[in-house]
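Asker: Sequence first, then the predicted structure:
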Amino acid sequence: MKKVYWVAVALAAMLTAGMFGSASTAGEATRLRIINGLGRWDIHFVYISPASARSWGEDQLDDDQTLSSGESETWSVDGGEYDLRCKDEEEDTYTSYDVCIPTGMLVEWRVTLDNLDSD
């Protein structure tokens, strides 16, 4: 009888650990890091918009903040698909559409001249 009791306790412990383990995964931070890889141009504006949105929304940098070459900034976001746009000091824009940011992951976007919009 004691053996059956301990087997039941062990099973209950494993099930409980599995349930709490999956709950802690859901609580991990979902983040987006944007890195300035533009060389001599500073990024003055950053827009992070859900891919389904019709507008870019608010600039995500502080009023007096810029990202110089090699600098980065990280934001917490909900998991999902996003359109990302940066604007430099000459008002050139750099855009990446439909960026998938999985829940609990860190996604990095290094903004380079290859991302320069052609408009």
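Answerer: Thanks, I have the structure now. Numbers count the residues shown, from 1 in each chain.
Asker: from here on, contacts and neighbour counts on C-alpha atoms
Answerer: OK.
Asker: and the residue nearest the centre of the chain, what is it in contact with?
Answerer: With distances taken as CA atoms, centre = their mean, residue 32 lies nearest the centre of the chain, 2.3 Å away. For residue 32, the contacting residues are 74-77, 101, 106-109, by CA atoms under 8 Å, 6 or more residues apart in numbering.
Asker: correct me, but residue 87 touches residue 46?
Answerer: Yes: counting by CA atoms under 8 Å, residue 87 does reach residue 46; the two are 6.6 Å apart.
Asker: show me where the protein has strands.
Answerer: Assigned by DSSP state E, the chain shows strands spanning 31-36, 43-50, 72-76, 80-88, 93-101, 106-111.
Asker: Between those, which one is closest to residue 59.
Answerer: Closest to residue 59 of the strands of the chain, according to CA to CA: strand 43-50, at 5.3 Å.
Asker: For that closest one, name the packing helices and strands.
Answerer: Applying 3 or more CA pairs under 8 Å, 6 or more residues apart in numbering; DSSP states H and E, we find strand 43-50 packed against strand 80-88.
Asker: Identify all contacting residues around the strand it packs on.
Answerer: Where contact means CA under 8 Å, 6+ apart, the residues beyond strand 80-88 that reach it are 41-52, 93-103, 111.
Asker: where are the low-confidence patches of the protein?
Answerer: For the chain, residues meeting the criterion pLDDT under 70 lie at 1-27.
Asker: change it to 80
Answerer: 1-28, 119 (pLDDT under 80).
Asker: I figured residue 92 hits residue 116, correct?
Answerer: Yes: between residue 92 and residue 116 a contact is recorded at 7.2 Å, counting by CA under 8 Å.
Asker: Looking at those two, which is more packed in?
Answerer: Ranked by neighbour count (other CA atoms under 10 Å), residue 92 and residue 116 place residue 116 first, with 17 against 14.
Asker: From what I see, the more buried one and residue 93 are in contact.
Answerer: Yes: the criterion here is CA under 8 Å, and residue 116 meets it with residue 93 at 6.0 Å.
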